[in-house]
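Structure for this input, please:
(one chain, ligands or ions: 2)
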Amino acid sequence: MNEISMNKKSIEKDITGIVGLDRMLSGGFPAHHLVAVIGAFGTGKSTISMQFINHCLLENKTCVYINLDVGEDQFLETASMFGWDFEKYIEDEKLILITLSSADISTSIMKIEGAIPQFLESTKVDCIVFDSITLLEMFHTSESERRNMMFNLCETFRNSGATTLLTSEASVDDPYSSKFGILEYLVDGVIALRYVRPVGTYDVSLEMEVVRMRQTNHHRGSRPYTITEKGITVSVESEMF
Ligand SMILES: Nc1ncnc2c1ncn2[C@@H]1O[C@H](COP(=O)(O)OP(=O)(O)OP(=O)(O)O)[C@@H](O)[C@H]1O
Ligand SMILES: [Mg+2]
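Ligands and ions are numbered 1, 2, ... in the order given. Got it, this is the predicted structure:
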């Protein structure tokens, strides 16, 4: 074995559960890293998140899913429409689902924000999804407060050692930036989801791009994807690299 091959260390990956995306990422998300999925309304942020967690659960990993966008019933119903039965994993305590209580959203958000660090200090978790971070950011009205909150939250996730996916609404002006422009600076990887509307047609399609991913030889360029009753499918050619 020469010096170069002795020093070469292959990095552990977490399969995303989306075949085309795994190929774009040379095998999946780098384990223990933080990845942002940024996209406008309806681009599939929640579908990617659920598909990833479903795959982690199939691999017997312990997962946390923080969902600020819909209640527990709607979340479980949406997942089951894709064929992902999360209820049994919740019963087995392999999936810890955290959702907002509709009674008092503001109090509920603050409770969740306070409970996450305590929970992750006492429980070993392999995979985390936070879908979406935007509502939490909106509840912090001052810019410095919002930045501090995001920094601390991302540090908490990083220190937990879990592979973490955080979704965010895109900025109105730039599909590659999150709504508040903070998240992308705190994570190790960014995936952008966007609508493509060719000029002069009524067509609308979806494209996905791995904007950056530390320690990964990832594909550069947009790839079309579809959302069906089986989840997300990304179209990639065999000779992509
Ligand atoms: N069972 C299904 N079959 C086909 N397409 C579906 C199905 N469920 C959802 N979709 C498509 O996916 C879109 C929503 O995806 P998803 O909820 O993952 O997006 P999102 O980015 O999380 O949206 P939001 O910003 O509203 O949270 C729908 O608008 C629809 O086009
Ligand atoms: Mg969503």
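
out of everything not next to it in sequence, what's closest to the most centrally placed residue in the chain?
For the chain, residue 165 is the residue whose C-alpha lies nearest the centre (CA atoms, centre = their mean; 2.9 Å). Taking CB to CB, 6 or more residues apart in numbering, and ignoring the residues beside it in sequence, residue 165 has residue 129 as its nearest neighbour in space, at 4.9 Å. The C-beta positions use only the backbone N, C-alpha and C, and glycine is treated the same way.

Could you give the backbone dihedrals for the residue nearest to the centre of the chain?
When quoted as degrees, to the nearest 10, the phi and psi of residue 165 stand at phi -110, psi 120.

Residue 40 against residue 194, yeah?
Yes: using CB atoms under 8 Å, residue 40 is in contact with residue 194, at 6.9 Å.

and those two? which has more neighbours close in?
residue 194 (18 against 15; other CB atoms under 10 Å).

Next one: the more buried one, what pLDDT does it get?
The predicted local distance difference test score for residue 194 is 96.

residues contacting it?
Residues in contact with residue 194 (CB atoms under 8 Å, 6 or more residues apart in numbering) are 39-40, 43, 170, 175, 206-207, 209, 222.

That one pairs with what?
Under the criterion DSSP bridges, residue 194 forms beta bridges with residue 207.

any idea how far residue 133 is from it?
18 Å (CB to CB, to the nearest Å).

any idea which element residue 128 lies in?
According to DSSP states H and E, residue 128 maps onto strand 127-131.

For this structure, which residues are neighbours of ligand 2?
Applying CB under 5 Å from the ion, we find that the chain lies next to ligand 2 at 45-46, 69.

okay, who's weakest in those by pLDDT?
Confidence-wise, residue 69 trails the rest of the residues of the chain next to ligand 2, at 85.

Now for the residue in the chain that ligand 2 sits nearest to: which residues touch it?
Closest contact between the chain and ligand 2, by CB to the ion, is at residue 46 (3.2 Å). Taking CB under 8 Å, 6+ apart, we find residue 46 in contact with 67, 69, 78, 131-132, 167.
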